[in-house]
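Engineer: Just to be clear, the model below is a prediction. Sequence and coordinates:
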Amino acid sequence: MSTETPAAAPASFDLFSFLAKFAPLIFLLVLMGVFALLEPRFLSPLNLFNVMRQVSIYGLLAIGMTFVILTRGIDLSVGSLLAFAGLVAAAVAKGGFESRFAVGSAAEAAGYGWFLAMLAALAVGVVCGGLQGLAITRLKVPPFVVTLGGMSAFRGAALLFAGGGPISGFDDGYRWWGQGYIGPIPVPVVIFAIAAIIAAIALRYTRFGRNVYAVGGNPEAARLSGLDVDRITLSVYVIIGFMAGLGGFVLSARLNSAEAVAGLTYELTVIAGVVIGGTSLFGGIGTIFGTVIGTLLIGVLLNGLVLNNVSSYVQQIIIGVIIVLAVAFDTFAKSRRKRA
Amino acid sequence: MTGIRKSFPGVLAVDGVDLEVAPGEIHALLGENGAGKSTLLKILAGAQLPDTGTIELDGRPIQILSPHDAQDHGIVTIYQEFNLVPTLTVAENVFIGREPTRGGWIDWGRMRRETRAIMDRVGLALSPDRLVSDLSVAEQQMVEIAKALAIESRLIIMDEPTSALAEGEVARLFAICRDLQAAGIAVIFVSHRLDEVKQICDRLTVLRDGQLVGSAAVADVSIEDIIRMMVGRDVERLFKQRNVHRAGEPALRIEGIHASGDPRDPFATQLRGIDLEVRHGEIVGLAGLVGAGRTELARAVFGADRIDAGRVLVEGVPVQPGSPRRAIAAGIGLVPEDRKQQALFLALAVRLNLSIAALDRLCGRLGFIDGRAESRLVQEYQDRLNIKMAGADVAVGNLSGGNQQKVVLARWLALQPKVLIVDEPTRGIDVAAKAEVHQLLYELADSGIAVLAISSELPEILTISDRIVTMREGRLTGELQIAEATEEKLMQLMTMGRERAA
């Protein structure tokens, strides 16, 4: 009746978890290889640095987004907030709201300089992120809804603030943050790298990082373990707000211009990068390393498509499909964890 | 000579197990956690496919490829974790996927009528229109059973059906089982409560490490025999009674607590003036039926729920209410009722799970965790509690129930609490781990910690407690020293209350 076969030994090498860990990195390398074959210009240092610089802005937001998604949250407002913060920074550099459209060296001299401009951008980001965090923790509105509202509100604020045109033309000190180099490396890339390292250390080696994982892993258990869940949740929205402010400042510096439509659809690209990098939308699982790789992957993909003359419409389709596939994989991984 | 016969070697979980259940038989499937029971049940339910082996129903080989197949064959499983849709009504849940229709439209009248008839059969006067999310755990369990009855079934599998039920409801469940038996329906009954197995089952099959240990008629074996089959160890060592009772100064004082319970749980019991004292070195058992308010009391003391009146004192100092943080700071720990939902971070590492509450002590400046101190802590408790795991970085969800519970206990021990509240500390864990948890509770009490222990299993309460208080409907109804306590006396206090118990 029964066919007896000896029980298989448990596999010491788990292909699935290996793939889950390194698939994004492998995919990134394969993609780079393919693009290099299709279009030799892809591997030119100029282009690679271009990609990196482009990715840096996404990357800053993606670092913040990693914290948010780790707590089971989401932030759809990053693109809008980035635009708003960038405009505020630009206006400060121009000497204030009234003189924001002034041009020429006289206007630069009248401005408050890049340092105050950056502080202003960061302050806008932190305050707006904090407000969203408070709405989530105090009013108990789901993050999706709060940040959907923020996405609209901050974009509106940016449009109102810009009052029609872009704010352009900054002094050298300001532009250095977007266009300058440290050695051969573009400044935005350096900022991104430093932010990634700090974030990775904070998540891995500090109590705050542990708490973020715990809150996302099981909010109720976190509360019953004595964690201040509301404070931790608020913190991650302040962090992503800070990152959006920093991103807005750096982007305006790179473009030498701040405009109200900056950062449109960035939230999708950023979330895609984070999820592809292995951070689970169900919370509690993910790393900054994964996010960096995932964001690079998206950046390389977009750049490669541009170089190969794929239309931007098709790019949007591809990003959309990738998001769905990445989440499908995440869901699959979760059901596997459950069965294990 | 019909029934089910299956044998198959599984990859890891089950290795060539035979199981035969006759119609009208209540068959106990026993084994420690990880013995392979769940895998076997999942195969029968169509949730997993066997690698090899055959399943026969009434002598004919059948294939169960999906849960739907299983249902078509009349095999119904009542899982430990309920399969109910909380946002639907009782009737909708009972008939889910098989709604009676008339001309393509759902026949609501018939659905309600039949649901009411079935609910009567399980002895629960519940309106078919009640939302499942509004029901207590025990009531949900009954709905789950009603759902199984509503399907023309040949075999009903019950996975730990009594773990959520209090004694009275267990009796009702057993009556239903006997009805099923009389109707020629076979029942597979999985339970950790061996006294129940003795009481209700005809035959039993024991698994250990995925292998078949043996089958026997229940009447032919004693509980000690069964435990020996399950653990391959001697019974005496497992249920050692505690001899030393050295109660010291009062550690925990509860004064006049009134509370409405978890706002998200509409069936939480109101606490109506609880006064209780637990001394250093003492284990106080808190006994009561489901709905007596035991868990509500634990949560109120721990600050997990708001309290409306009264106060909690640790060593004479009032604890600020309403926040687990403050309760923890005051020296109270809580091992909650539902470790998966309320205690563990299942997908995260054992290390994080164990140290999460103690991080304040492990952190230096800037909140950096002292990794070496943390590893020492994990190692210390792994050794002390005999936690079996592949390493500190494996997800805690991969451990067995007993080891998971030890991790939760270790989390609190690492804080060196003055008071430890344990709510159903051994629910769903195997016999050996249970004994270890009991032993640990003794040691904790001996080291001076005041322990307040909640358990729905009276034998457990009687085993671990130095003193037992009983609750009913949000009030304390009695108190017994361990020497004078018996199951009968406790049942009396739990069901009737002080005034009539006399």
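Structural biologist: Here it is on my side, so go on.
Engineer: which residues in the stretch 351-500 of chain B form helices?
Structural biologist: B:359-362, B:371-385, B:401-413, B:431-446, B:458-464, B:487-496, B:498-501 (DSSP state H, counting those that start in this stretch).
Engineer: Among those helices, show me which one is buried the most.
Structural biologist: helix B:401-413 (a mean of 24; mean count of other Cβ atoms under 10 Å in any protein chain shown). No exception for glycine: its C-beta is placed from N, CA and C like everyone else's.
Engineer: now the angle from it to helix B:371-385?
Structural biologist: With axes from the mean of the first three to the mean of the last three Cα atoms, to 10 degrees as the basis, helix B:401-413 and helix B:371-385 are set at 120 degrees to each other.
Engineer: What helices and strands are in contact with helix B:401-413?
Structural biologist: strand B:332-335, helix B:350-355, helix B:371-385, helix B:431-446 (3 or more Cβ pairs under 8 Å, 6 or more residues apart in numbering or on different chains; DSSP states H and E).
Engineer: how about the ones you listed in CSV, adding mean pLDDT?
Structural biologist: Below are the helices and strands packed on helix B:401-413 laid out as CSV (pLDDT from 0 to 100):
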stretch, mean pLDDT
strand B:332-335, 95
helix B:350-355, 94
helix B:371-385, 92
helix B:431-446, 88
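Engineer: Closest residue of the stretch 51-200 of chain A to chain B?
Structural biologist: Here the stretch 51-200 of chain A gets closest to chain B at one residue, A:Leu70, 10.9 Å apart by Cβ to the nearest Cβ.
Engineer: Please, where are all the helices along chain A?
Structural biologist: Counting by DSSP state H, chain A has helices at residues A:15-38, A:45-70, A:78-93, A:105-110, A:113-137, A:143-162, A:172-179, A:187-205, A:207-217, A:219-224, A:229-255, A:266-276, A:288-307, A:312-339.
Engineer: how's chain B carved up into domains?
Structural biologist: Domain ranges of chain B: B:4-234, B:239-331+B:417-502, B:345-415, per automatic domain parsing.
Engineer: and these, which one's lowest on average pLDDT?
Structural biologist: When the domains of chain B are compared on mean pLDDT, domain B:4-234 scores lowest, with a mean of 80.
Engineer: buried ones in stretch A:260-267?
Structural biologist: A:Ala260, A:Ala262, A:Gly263, A:Tyr266, A:Glu267 (16 or more other Cβ atoms under 10 Å in any protein chain shown).
Engineer: residues in the stretch 101-250 of chain A within reach of chain B, list them.
Structural biologist: A:205-208, A:210-211, A:213-214, A:217-218, A:220-228 (Cβ under 8 Å from any Cβ of the partner chain).
Engineer: now those residues: which count as buried?
Structural biologist: For those, buried by 16+ other Cβ under 10 Å: A:205-208, A:210-211, A:213-214, A:217-218, A:221-228.
Engineer: any idea how far B:Arg154 is from the residue nearest to B:Glu152 when sequence neighbours are not counted?
Structural biologist: Closest residue to B:Glu152 apart from its sequence neighbours, by Cβ to Cβ, 6 or more residues apart in numbering or on different chains: B:Gly74 at 6.0 Å. To B:Arg154, B:Gly74 is 4 Å away according to Cβ to Cβ, to the nearest Å.
Engineer: can you check B:Gly448 too?
Structural biologist: For B:Gly448, the distance to B:Arg154 - Cβ to Cβ - is 56 Å.
Engineer: again, but for A:Ala153
Structural biologist: A:Ala153 is 60 Å from B:Arg154, by Cβ to Cβ.
Engineer: for B:Leu313, same thing?
Structural biologist: 58 Å.
Engineer: B:Ile332 now?
Structural biologist: 50 Å.
Engineer: try B:Ala304
Structural biologist: 44 Å.
Engineer: Compare those two and say which one has the larger neighbour count.
Structural biologist: B:Ala304 (22 against 19; other Cβ atoms under 10 Å in any protein chain shown).
Engineer: isn't the more buried one right up against B:Ile332?
Structural biologist: No - assessed by Cβ atoms under 8 Å, B:Ala304 is found out of contact with B:Ile332, at 10.6 Å.
Engineer: In the stretch 301-450 of chain B, what residue comes closest to chain A?
Structural biologist: Closest point on the stretch 301-450 of chain B to chain A, by Cβ to the nearest Cβ, is B:Phe345, at 3.5 Å.
Engineer: Need the three-state assignment for that residue.
Structural biologist: coil (DSSP: H, G, I helix; E, B strand; the rest coil).
Engineer: what's the burial count for it?
Structural biologist: Neighbour tally, B:Phe345, other Cβ under 10 Å: 25.
Engineer: Please report phi then psi for it.
Structural biologist: phi -100, psi 90 (degrees, to the nearest 10).
Engineer: Quick one: residues contacting it.
Structural biologist: Under the criterion of Cβ atoms under 8 Å, 6 or more residues apart in numbering or on different chains, the neighbours of B:Phe345 are A:Tyr213, A:Ala214, A:Gly217, A:Asn218, A:Ala221, A:Ala222, A:Gly284, B:Leu352, B:Asn353, B:Ile356, B:Val396.
Engineer: go with 10 Å
Structural biologist: A:210, A:213-218, A:221-222, A:225, A:283-284, B:352-353, B:356, B:395-397 (Cβ atoms under 10 Å, 6 or more residues apart in numbering or on different chains).
Engineer: in the stretch 151-300 of chain A, which ranges drop under the pLDDT threshold?
Structural biologist: Along the stretch 151-300 of chain A, segments meeting pLDDT under 70 are nowhere present.
Engineer: at 80 instead, please
Structural biologist: Within the stretch 151-300 of chain A, the segments meeting pLDDT under 80 span A:164.
Engineer: In it, which residue sits closest to chain B?
Structural biologist: Taking Cβ to the nearest Cβ, the stretch 151-300 of chain A has A:Gly217 as its residue nearest chain B, at 3.5 Å.
Engineer: Touching, that residue and B:Leu344? I think so.
Structural biologist: Yes - A:Gly217 lies in contact with B:Leu344 (Cβ atoms under 10 Å); the separation is 8.5 Å.
Engineer: which residues are common contacts for those two?
Structural biologist: B:Asn353, B:Ala395, B:Val396.
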